[in-house]
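**Q** Got a predicted structure here, sequence first:
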Amino acid sequence: MQDQICEWKEFPKNMNNRLHSLCSYMAMFPPSLPHYFIQKYSKEGDTIFDPFSGRGTTVLEAVFMNRIGIGNDRNPLAYLLTKAKSNVPQKGRILSKIDKLSKECNMSKISIDGVEEKIKMLYNDYTLRQLVFLKNKLNWEKSNIDAFIAAMVVGIMHGNSKAYLSISMPNTFSMSPNYVKNYIIEHQLSKPKRDVFTLLNKKLDRCYQRPTIRGKAYNQDVTKMSKIKNSSVDLIVTSPPYTRVIRYGKFNWIRLWFLGESGKEVDKKLFFTQSITKYCDFMTKALNEMKRTLKSDGKIVLIIGDVEDRTSDNVFNLANIVLEKCAKPLGFNLVKPIISDSISDNTKVSKIWGDKKGNATRTDRILILNKV
């Protein structure tokens, strides 16, 4: 094992693709990283797959590079973002739908009586009524236009500028309701009256780009990806969950409300453990399923961070553990020595807010595997 030059760091961080800014997402890797490996290990027309797709970074880079990008994620928010980026509608159709929704909303009587107080404390009643209307109206799982609009909505739901819909918040991730409540009192914040449809049009102007290739998005268990055919994938680029680093449901409870989901229920579906043994069992099943989908000459690029033990000073080289205990027993070989990548604080979320620290570290390691 050795450190190597991380050539993707010489590329523009977002690869000049504005769609990457559609919505922030925790523990995301920079688009330059999948771009580098897609360029290195595939050709135009190939199928690129990310089974833990997150905000859809790998999928979006793949379709921009004239590959077929396929993403999968159990988190409904990640599924939405991947879906929106994998099949981008024409801008005119999005604008027309926003205009139609705006007119329909203005003509509708919308009640917010049943909305939870923890949501009401974030938004002016005028803004909240529009959010409730869109929450009930957008059929994002079936319509790519609705999916793109819904992805823009969750991207502007909360933040600290006039580009966002909520009270001014110090983070684009969802702090706990009690934290937010106390923050509002401490800073004497008032709920701004903002028009959702106006901000959606501005967001569209900021982030819109349209790849010529269409991809696909799925919302399946990574150990049972029935919609991905055997030996159909040329390259997998992905970052699997680390051991007990981030609760994706808990830290996105505001956006998940808009999608009709509970953060607690989402976290129950997502893999989360501090046990190395359980983690290895999970990764063995996930890698075995990836092996099924991979062509005989295909490769897997795994980005896995070192992890600190919360109860001691131990640091686990999780990538090496996955290699020895999961990948090699399944018949995978290292294509080249493991790459070590040092991550800056503003690139990797190892500290969420206040004094609550996650146990991610500043070191990522990259495994490049092929089948024996």
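**A** Structure received. Numbering: from 1, shown residues only.

**Q** for the stretch 101-250 of the chain, what spans make up the strands?
**A** Along the stretch 101-250 of the chain, counting by DSSP state E, counting those that start in this stretch, strands occupy 216-218, 233-238.

**Q** Point out the most buried one among those.
**A** Sort these by mean neighbour count, taking mean count of other CB atoms under 10 Å, and strand 233-238 sits at the top with a mean of 24. In short, each C-beta sits where N, CA and C put it, glycine included.

**Q** rewinding a little: of the strands of the stretch 101-250 of the chain, which is nearest I254?
**A** Each of these has some distance to I254 by CB to CB; the shortest is strand 216-218, at 22.0 Å.

**Q** got the contact list for that closest one?
**A** 53, 56, 59, 68-73, 79, 82-83, 86-87, 225, 227-228 (CB atoms under 8 Å, 6 or more residues apart in numbering).

**Q** Restricted to strands, list these.
**A** 68-72 (DSSP state E).

**Q** Tell me the one of those nearest P12?
**A** Closest to P12, out of all of the ones in strands among the contacts of strand 216-218 and judged by CB to CB, is G69, at 19.1 Å.

**Q** how about the closest one, what does it touch?
**A** Shown in contact with G69 (CB under 8 Å, 6+ apart): 48, 50, 58-63, 86, 213, 215-216.

**Q** what do you get if the cut-off is 7 Å, keeping everything else the same?
**A** With contact set as CB atoms under 7 Å, 6 or more residues apart in numbering, G69 has these partners: 48, 58-60, 62-63, 86, 215.

**Q** What of N106?
**A** Applying CB under 7 Å, 6+ apart to N106 gives no contacts.

**Q** Report the separation between it and K100.
**A** Note on N106: its distance to K100, by CB to CB, to the nearest Å, is 11 Å.

**Q** For the stretch 251-372 of the chain, which segments are assigned as helices?
**A** Using DSSP state H, counting those that start in this stretch, the helices found in the stretch 251-372 of the chain span residues 253-258, 263-269, 276-293, 318-322.

**Q** just those helices: most buried one?
**A** Among those, ranked by average contacts under mean count of other CB under 10 Å, first place goes to helix 253-258 (a mean of 23).

**Q** tell me what that helix is packed against?
**A** In this structure, helix 253-258 makes packing contacts with helix 76-86, helix 144-155, helix 263-269, judged by 3 or more CB pairs under 7 Å, 6 or more residues apart in numbering; DSSP states H and E.

**Q** where's that helix relative to the chain centroid, distance-wise?
**A** Offset of helix 253-258 from its chain centre (CA atoms, centre = their mean, to the nearest Å): 14 Å.

**Q** Quick one: end-to-end length of stretch 65-80, please.
**A** This stretch, stretch 65-80, spans 21 Å end to end (CA to CA, to the nearest Å).

**Q** any idea of the mean pLDDT in that stretch?
**A** Mean pLDDT, stretch 65-80: 95.

**Q** Can you point out the buried residues in it?
**A** For stretch 65-80, burial by neighbour count (16 or more other CB atoms under 10 Å) applies to 65, 67-80.

**Q** Next: stretch 85-105.
**A** Residues 85-89, 94, 97-98, 101-102, 105 are the ones in stretch 85-105 that count as buried (16+ other CB under 10 Å).

**Q** if we can go back for a sec, identify those among the contacts of G69 that sit within helices.
**A** Among the contacts of G69, DSSP state H puts 58-60, 62-63, 86 in helices.

**Q** Who wins on neighbours among those?
**A** Greatest neighbour count in the ones in helices among the contacts of G69, by other CB atoms under 10 Å, goes to T58: 34 neighbours.

**Q** wait, which of the strands of the stretch 101-250 of the chain is closest to L134?
**A** Once the strands of the stretch 101-250 of the chain are compared by CB to CB, strand 216-218 is nearest, at 20.3 Å.

**Q** Determine which two of the buried residues of stretch 65-80 are furthest apart.
**A** With CB to CB as the measure, no two of the buried residues of stretch 65-80 lie farther apart than M65 and P76, at 27.0 Å.
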